[in-house]
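1. can't give you the sequence, but here's the structure:
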């Protein structure tokens, strides 16, 4: 289905639904802020636990977006579809931003809880590597005069770098880490208080909608840029 999408379909979808998507984002943003403010404090971490509502969704999106880039890059080698390549390029800065937010909020959260801004354990280090992979991907597709050459080399890096995704996810289970184990996506079910689940997932949905807005905007800019070159 994705392979049949043409630039005109992207333009039509954006012109028809982007305004609705933006309104949805504003509503969800207000709702998530309300839920976060009124969510309970943790019995050990007190009010600092509320950083979770930005930190965790940002980490999820950093991983999901890189996974999407790796999949789109693999498909672009097989099907030679410009839309696949442009979609990957449009997603990369969004994923890099969420990886950076994850690192920053993790440090802010870690200082009062762990007593340090940073430790070189497996989870933090692998997330830092993910951020550098995003930066390297962006640098590669912009470093070459030939758009085709740059996008191919960047796609190769995205595919190879995907090996880091399961390392980020399972690092706390494989190696000793200050970082707590998974509390949401785990075989034994959700380990956090039920009152914290709703604001967490509403925050996640809010950031997904935000990512969609930025993605569609960037993708349309690339399409327009390509038309002007022609």
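-> Yes, it's here. All values derive from a computational prediction rather than experimental measurement.
2. got a list of what residue 97 touches?
-> Residue 97 makes no contacts at all, as judged by Cβ atoms under 8 Å, 6 or more residues apart in numbering. Where you see a C-beta, it was placed from the backbone N, CA and C, and this is true even at glycine.
3. number of residues surrounding residue 79?
-> 11 (other Cβ atoms under 10 Å).
4. quick one, what contacts residue 21?
-> Per Cβ under 8 Å, 6+ apart, neighbours of residue 21: 209, 212-213, 216.
5. leaving out sequence neighbours, find the closest residue to residue 75.
-> Leaving aside its chain neighbours, residue 75 sits nearest to residue 84 (5.3 Å; criterion: Cβ to Cβ, 6 or more residues apart in numbering).
6. avg pLDDT for the lengthiest helix in the chain?
-> Under DSSP state H, the helix in the chain containing the largest number of residues is helix 194-229. Helix 194-229 shows an average pLDDT of 86 in the prediction.
7. buried stuff in that helix?
-> 196, 199-213, 215-216, 218-220, 222-223 (16 or more other Cβ atoms under 10 Å).
8. for the chain, which segments count as helices?
-> 7-37, 52-79, 82-114, 122-143, 147-161, 164-174, 194-229.
9. closest to residue 46 out of those helices?
-> Of all these, helix 82-114 sits nearest to residue 46, with 8.6 Å by Cβ to Cβ.
10. tell me the angle of that closest one relative to helix 147-161?
-> Counting by axes from the mean of the first three to the mean of the last three Cα atoms, to 10 degrees, helix 82-114 lies at 40 degrees to helix 147-161.
11. ok and helix 82-114 relative to helix 122-143, angle-wise?
-> 150 degrees.
12. for helix 82-114, list every residue counted as buried.
-> For helix 82-114, by 16+ other Cβ under 10 Å, it's 82-103, 105-106, 109-110, 113.
13. what's the least confident helix or strand in the chain by mean pLDDT packed up against?
-> Within the chain, no helix or strand scores below helix 164-174, which has a mean of 81 by mean pLDDT, DSSP states H and E. Under the contact criterion of 3 or more Cβ pairs under 8 Å, 6 or more residues apart in numbering; DSSP states H and E, helix 164-174 touches helix 52-79, helix 122-143.
14. now the ones you listed in CSV, with distance to residue 40?
-> Below are the helices and strands packed on helix 164-174 laid out as CSV (distance: least, Cβ to Cβ, whole Å):
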stretch, distance to residue 40
helix 52-79, 12
helix 122-143, 25
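15. if we can go back for a sec, out of the contacts of residue 21, which one sits closest to residue 76?
-> Nearest member of the contacts of residue 21 to residue 76, counting by Cβ to Cβ, is residue 216, at 18.9 Å.
16. the residue nearest to residue 75 reaches residue 74, doesn't it?
-> No: at 9.2 Å, residue 84 does not count as touching residue 74 under the criterion of Cβ atoms under 8 Å.
17. my guess is residue 41 contacts residue 52, does it?
-> No: the criterion here is Cβ under 8 Å, and residue 41 misses it with residue 52 at 11.4 Å.
18. which one's more surrounded, those two?
-> Applying other Cβ under 10 Å to residue 41 and residue 52 shows that residue 52 carries more neighbours, namely 21 against 11.
19. list the contacts of the more buried one.
-> So residue 52 contacts 109, 196, 200 (Cβ under 8 Å, 6+ apart).
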